[in-house]
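Student: sharing a model that was predicted from the sequence below.
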Amino acid sequence: MPDTSPAPQKKEFRQSAAWLLVVLVGAVFLVETLVMVLLPVLPPMSRTELILMDATLLSVLIFPIFYFLVFRPLVRNIAERQRAEEALRETSNFNELLIESLPFGMDIVDEHGHILYMSHAMENAVGRNALGEKCWDLYKDDRRQCIGCALNQPIQAGLAKSMESTGVLGGRTFEITHTGMIYRGKPAVLEVFYDITERKHAEEVLERKVEERTRELRENQAEKDRVVGQLIQAEKMAAIGTMVSGIGHEINNPLYVIMGKAEAIRDESDVAACNEHARDIIKYAKHISAIVKNLSGYIRPASQHELEKTDVQEKLLEALAMAKHSMLDDRIEIRQNFAPVPAIAAKPEEIQQVFFNIIRNGIQAMAGRGVLEIATVREGSQACIRIKDTGTGIRAEHLGKIFDPFFTTKGPDEGEGLGMYIVQKIVNKYNGTIALESQENKGTTVTIRFPGAETIKEE
Amino acid sequence: MQHKILVVDDEEEVRQTIKLQLKGTGLEVVEAADGKRGIEVLDAENVITVDAILCDVRMPNINGVEAVAYFRREYPSIPVIVLTGYPDVKLAVDFMKEGVVEYLVKPVEKEKLVEAVMRAVRGRSYVGGAEPKM
């Protein structure tokens, strides 16, 4: 609750000069009235006595007015000035103490570098008071003016410039701040010396450490890239291992035809029939050559050189042909829905590996029966690839682990659990994204998006 | 009496090669383009006249594993030879357990194929057929 009592104001008024004036005027008025009342009964006074009495009463009236309006303010003014001077002295002492206790040296020089003032710290650093000497003669080890000395150009009062100087006071490094000022009525410069020798040394050490660490990190990254590269290759070989029978079938069938036809030529005397067999032999030899070429392209370690413009559909078809090797029968219906998509900047072998791993997983998930849909669609500047199977799907609790290394739900002979890990590594490497949608016993859709090669070039 | 064998393989060229290799053995070759067709051929016969079956593994519709299982179950007296491109030991063992008489991996030489087929046909002929003409 606010205090609404008028008491303090009343008390204040009673102590004020106005109150005293009112009391005095009132008192004079009462005395004058009393004199006027008593005058007829008093013995007659001479003119001089009347004048004296009036003068006395007037003095009593004027004195307080003079006291309060002239004398008291004057005394107060003098007292205030004394207090101000004392405060100034204290401030000055404080400033001096402050300046002298600062951990860095200071001096004031004229525009030619002659020292006009030196702080104690500066005197201690130099070993003497050197007023009048040139600052560079005193401080610099080579007694030469600093390169880019701030004194070469006039500095406006209040304006500060900072510079770094080496070889000062025995090989140390200082940051010197020059501030323009007026000293004893003349333009001068306040020089403040910060010793940064240790800081510079620490910075150099830190810089060296940063460089060293950066080099280590770079080397570690190179090592990591190399290991990932080896892992990608190892996964490829492991995948090939699981498909050996399928690949054997692909090659052995045409080889069988070639052998049979060659035997027929051996036993045949009819030249026309021999020619026909020879044509078949050439045809099937080419067929084998195509299979081997596709396999070699896949097995070959990813090239170390620049990225190539990679045709997504071509790599999808190659991967599909490879993955078919693992199929025991053809009851899996393959649906291809290829819309034109931009080429992507990548190593083609790695893109083929991505598609192969996903298609092979889809085929394995369908256990011989189902539909595998492969579609490409352009999404702005991106190439979007969708691979959908109608297989067993992925259990909800496994979805989050699909990209973990060595995570597999397959049998021991069907993979090492690195396929999808490698897929994600490669997709990320080319700034792509991969998304999985899966329903148990319904199937899985894998959607991959890669930025188009042109987009990458623009970036 | 001319002996008859059923060749089940989805590749026309492979079937032709088998026929080429068996040329001169006097065997009659009946072709089926997949397991399903092979089963249909056998099931359509009132009197079983096929003396041996030569069956591929990887085929559309009904593959070799399923077809051989059917042949062994429904026609246990007909010897089955598997002729496949899969050099897979596990697959071979499984087929042998099923009662397959031979597991031949392509490419197989003419002499070896003829010998295997003739051995199978002879085995069948001891049960009821005549000795095939060489």
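Tutor: Right, received. Where do you want to start?
Student: so what sits opposite the residue nearest the centre of chain B in the bridge?
Tutor: Central residue of chain B (CA atoms, centre = their mean): B:Leu54, 1.6 Å from the mean position. The bridge-partner assignment for B:Leu54, based on DSSP bridges, gives B:Val7, B:Ile81.
Student: how much space between it and B:Val14?
Tutor: In this view, B:Leu54 and B:Val14 are 10 Å apart by CB to CB, to the nearest Å. The C-beta positions use only the backbone N, C-alpha and C, and glycine is treated the same way.
Student: now swap in B:Glu98 and tell me
Tutor: In this structure, B:Glu98 and B:Val14 are separated by 22 Å, where distance is defined by CB to CB.
Student: packing partners of the longest helix anywhere in chain A?
Tutor: Longest helix of chain A, by residue count under DSSP state H: helix A:197-242. Helices and strands touching helix A:197-242, by 3 or more CB pairs under 8 Å, 6 or more residues apart in numbering or on different chains; DSSP states H and E, are strand A:172-183, helix A:271-299, helix A:348-366, helix A:419-429.
Student: report the rounded mean pLDDT for that helix.
Tutor: In this model, helix A:197-242 has a mean pLDDT of 84.
Student: what is whichever helix or strand comes after it packed up against?
Tutor: Counting by DSSP states H and E, the element after helix A:197-242 in chain order, helix or strand, is helix A:244-267. Counting contacts by 3+ CB pairs under 8 Å, 6+ apart, the secondary-structure elements packed against helix A:244-267 are helix A:271-299, helix B:12-22.
Student: next, the angle from helix A:244-267 to helix B:12-22.
Tutor: For the pair helix A:244-267 and helix B:12-22, the angle between their directions (axes from the mean of the first three to the mean of the last three CA atoms, to 10 degrees) equals 50 degrees.
Student: in helix A:244-267, what's buried?
Tutor: Using 16 or more other CB atoms under 10 Å in any protein chain shown as the burial criterion, the residues of helix A:244-267 that qualify are A:245-265.
Student: how far does stretch A:173-191 stretch from start to finish?
Tutor: The straight-line separation of the ends of stretch A:173-191 (CA to CA, to the nearest Å) is 15 Å.
Student: give the buried residues for that stretch.
Tutor: Neighbour-count burial for stretch A:173-191, counted by 16+ other CB under 10 Å, picks out A:173-181, A:188-191.
Student: separation between A:Pro44 and A:Asp54?
Tutor: When CB to CB is the yardstick, A:Pro44 and A:Asp54 sit 16 Å from each other.
Student: these two: who's more crowded?
Tutor: Legend: neighbour count by other CB atoms under 10 Å in any protein chain shown for A:Pro44 and A:Asp54, higher for A:Asp54 (12 against 8).
Student: next, give phi and psi for the more buried one.
Tutor: Comment: the main-chain dihedrals of A:Asp54 come out as phi -60, psi -40, following degrees, to the nearest 10.
Student: low-scoring stretches of the chain, by residue?
Tutor: This is for chain A. Chain A contains residues with pLDDT under 70 at A:1-17, A:241-242, A:245, A:297, A:299-305, A:326-330, A:410-416, A:455-459.
Student: not what I meant, chain B
Tutor: Flagging of chain B using pLDDT under 70 yields the residue ranges B:1, B:124-134.
Student: can you name the residues of it that neighbour chain A?
Tutor: Along chain B, the residues adjacent to chain A under the rule CB under 8 Å from any CB of the partner chain are B:10-11, B:13-14, B:17-18, B:20-21, B:57-65, B:84-88, B:91, B:105-110.
Student: any of those residues buried? List them.
Tutor: B:10-11, B:13-14, B:17-18, B:20-21, B:57-59, B:61-65, B:84-88, B:91, B:105-108, B:110.
Student: among those residues, name the ones in strands.
Tutor: Using DSSP state E to define strands, the subset of those located there is B:84, B:105.
Student: what parts of chain A come near chain B?
Tutor: Looking at chain B, the residues of chain A close enough under CB under 8 Å from any CB are A:244-246, A:248-253, A:255-261, A:263-264, A:280, A:284, A:327-331, A:368.
Student: let's see the longest helix anywhere in chain B as PDB, backbone CA atoms only.
Tutor: Using DSSP H to assign secondary structure, the helix with the most residues in chain B is helix B:110-127. Extracted as PDB, the C-alpha positions of helix B:110-127 are listed here (Å, rounded to 0.1, in the frame of the first residue of the first chain):
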ATOM      1  CA  LYS B 110      28.300 -86.300 -76.900                       C
ATOM      2  CA  GLU B 111      29.800 -89.600 -75.700                       C
ATOM      3  CA  LYS B 112      29.100 -89.000 -72.100                       C
ATOM      4  CA  LEU B 113      25.500 -87.900 -72.800                       C
ATOM      5  CA  VAL B 114      24.900 -90.900 -75.000                       C
ATOM      6  CA  GLU B 115      26.400 -93.300 -72.500                       C
ATOM      7  CA  ALA B 116      24.300 -91.800 -69.600                       C
ATOM      8  CA  VAL B 117      21.100 -91.900 -71.600                       C
ATOM      9  CA  MET B 118      21.700 -95.400 -72.900                       C
ATOM     10  CA  ARG B 119      22.500 -96.600 -69.400                       C
ATOM     11  CA  ALA B 120      19.300 -95.200 -68.200                       C
ATOM     12  CA  VAL B 121      17.300 -96.600 -71.000                       C
ATOM     13  CA  ARG B 122      18.800-100.000 -70.500                       C
ATOM     14  CA  GLY B 123      17.900 -99.800 -66.800                       C
ATOM     15  CA  ARG B 124      14.400 -99.100 -67.800                       C
ATOM     16  CA  SER B 125      14.300-101.900 -70.400                       C
ATOM     17  CA  TYR B 126      15.200-104.400 -67.800                       C
ATOM     18  CA  VAL B 127      11.900-103.500 -66.200                       C
END
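Student: can you tell me what sits against that helix?
Tutor: Helix B:110-127 is touched from outside by A:260, A:263, B:3, B:5, B:18, B:21-22, B:25, B:27, B:51-52, B:54, B:77-81, B:83, B:101-102, B:104, B:129, B:131-132, B:134, with contacts defined as CB atoms under 8 Å, 6 or more residues apart in numbering or on different chains.
Student: pull out the buried members of the residues you listed.
Tutor: If you count burial by 16+ other CB under 10 Å, the buried members of those come out as A:260, A:263, B:3, B:5, B:18, B:21-22, B:25, B:27, B:51-52, B:54, B:78-81, B:83, B:101-102, B:104, B:129, B:132.
Student: quick one: A:Lys236 and A:Tyr298 touch, right?
Tutor: Yes: between A:Lys236 and A:Tyr298 a contact is recorded at 6.6 Å, counting by CB atoms under 8 Å.
Student: which of those two has more residues huddled nearby?
Tutor: Neighbours around A:Lys236 and A:Tyr298, counted as other CB under 10 Å, are more numerous at A:Lys236. The numbers are 24 against 18.
Student: any idea how far the more buried one lies from A:Val205?
Tutor: Computed as CB to CB, the A:Lys236 to A:Val205 distance reads 46 Å.
Student: and for B:Gln16?
Tutor: Counting by CB to CB, the separation of B:Gln16 from A:Val205 is 82 Å.
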